[in-house]
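S.K.: have a look at this prediction, sequence included:
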Amino acid sequence: MALTFDACRRPGNNHIDESLVGFLIAQRIPATLFFNKRWIDANLARASQLALNSVFELSDNGVAHNRSG
C-alpha cells in the first residue's frame, strides 16, 4: 500500500492536515507528499522540516498544477 498526499496552494489555502502528518510521523507510516512550487514558496520552513523527516518522500507537482481550481 502507498499513501500519497497532494498539497497545492490556492488562494486562501496554504494548509496541510497537520493532525494527519503528526499521526504518520508518530506511527512511522511512510508517505509521499506532493507539493507544487506555490505551496513550497508559501511554506518553505514547513516543507524543509517535512523533507528532513525520513517517513516522508517529497515530490514535485510543478508550477501550474491546479492553478484554476
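M.R.: Received the coordinates, thanks.
S.K.: use CA for all of it now, contacts and neighbours both
M.R.: Fine.
S.K.: got the phi and psi for Thr32?
M.R.: Summarising the backbone geometry of Thr32 under the convention degrees, to the nearest 10, its torsions are phi -100, psi 130.
S.K.: thought Glu57 was touching it, still the case?
M.R.: Yes - under the criterion of C-alpha atoms under 8 Å, Thr32 lies in contact with Glu57, with a separation of 4.6 Å.
S.K.: measure how buried Asn36 is and give me the count.
M.R.: 20 (other C-alpha atoms under 10 Å).
S.K.: quick one: pLDDT of it?
M.R.: Looking at Asn36, its pLDDT reads 81.
S.K.: Ala26 - that's part of a helix, no?
M.R.: Yes - secondary structure of Ala26, determined by DSSP: H, G, I helix; E, B strand; the rest coil: located in a helix.
S.K.: mind listing the strands in the protein by residue range?
M.R.: Counting by DSSP state E, residue ranges of the strands within the chain are 4-7, 31-35, 56-60.
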